[in-house]
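# Take this sequence and fold it.
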Amino acid sequence: MTPDRYVVPMKRTVTVSGQGSIKVAPDTAVVRVSASHRAADVTAAFDGVTSAVEAMAAVALEHADPERVASSDFSVWPAYDDQGRPVGFEARHGLVIAVADLAVAGRMLARLAEAVGNRLVVESVSLEVGDPVAARTAAREVAFADARTRAEHLAGLGGASLGEVVRVVEAGSSDAPAEALGGRMMAAAKDVSFQPGQQSVGATVTVTWALVGS
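As a prediction, the model looks like this:
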């Protein structure tokens, strides 16, 4: 006798990805600067860039918390003139400074230029949201609502409705800091004024719902 077989029906589901984006004004400037010094020999190049970075660090600590001031790249290499002839050595030492006030960051850049003159190189200034948690939470809520709207539409097309949530997966959030400035500054530079504009903070969630109904 052939035994009875019981077939368990598969649970019907719908899986949809939702997108959410929130606009928020950046309130923090991440300033990447370096000191560059050229001299006839390695020792002089090293000493010149070291004194410049010490002056830059002193200015930075007047405008930013100590834990938000950090050294980055340090390098020394042979220098050549426009004709390819050796003219000594050039050294560079960088700092990354996060300033939680855009106006303060602008003043700091001017003071850095005054402190080290033409040895200052401004690599970049990124305007960022200092505490993006609230914006990311709001973007996540928008993304989930978007996923539900799409899922309800698809379920309705199939003659069903949404049941319980089976699974939720969040993709990485997306922030878009803007590069504001780069290049050399002159010693007599005025305070730099930054226009924050708005930055998008985004989220993506993929949600699976059970389907109920016919």
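# use CA for all of it now, contacts and neighbours both
Fine.
# Start from the N-terminal end of the chain and give the strands.
Using DSSP state E, the strands of the chain run over residues 13-24, 28-39, 69-80, 86-99, 120-128, 161-170, 174-175, 178-179, 183-184, 199-212.
# Within its sheet, name the partner strands of the second one and how each one runs.
By that I understand strand 28-39. Next to strand 28-39 in the sheet, as set by DSSP bridges, lie strand 86-99 (antiparallel), strand 120-128 (antiparallel).
# Give me the residues contacting that strand.
Applying C-alpha atoms under 8 Å, 6 or more residues apart in numbering, the external contacts of strand 28-39 come out as 45-46, 48-49, 52-53, 79, 87-102, 105, 116, 119-130.
# Return a PyMOL selection command for the buried portion of those residues.
One line in PyMOL is enough to select the buried members of these, burial here meaning 16 or more other C-alpha atoms under 10 Å:
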select buried, resi 45+46+48+49+52+53+79+88+89+90+91+92+93+94+95+96+97+98+99+100+102+105+116+119+120+121+122+123+124+125+126+127+128+129
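# quick revisit: which stretch among the strands paired with strand 28-39 comes nearest residue 23?
The closest of the strands paired with strand 28-39 to residue 23 is strand 120-128. By C-alpha to C-alpha, the value is 12.1 Å.
# Tell me what angle the closest one forms with strand 199-212.
Using axes from the mean of the first three to the mean of the last three C-alpha atoms, to 10 degrees, the inter-axis angle of strand 120-128 relative to strand 199-212 is 30 degrees.
# Low-confidence stretches in this structure?
1-10, 172-191, 214 (pLDDT under 70).
# quick check: longest helix of it.
Criterion DSSP state H: the longest helix present in the chain is helix 133-157.
# Using CSV, please lay out the strands paired with strand 28-39 together with distance to residue 41.
Listed next are these as CSV, based on distance: least, C-alpha to C-alpha, whole Å:
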stretch, distance to residue 41
strand 86-99, 5
strand 120-128, 20
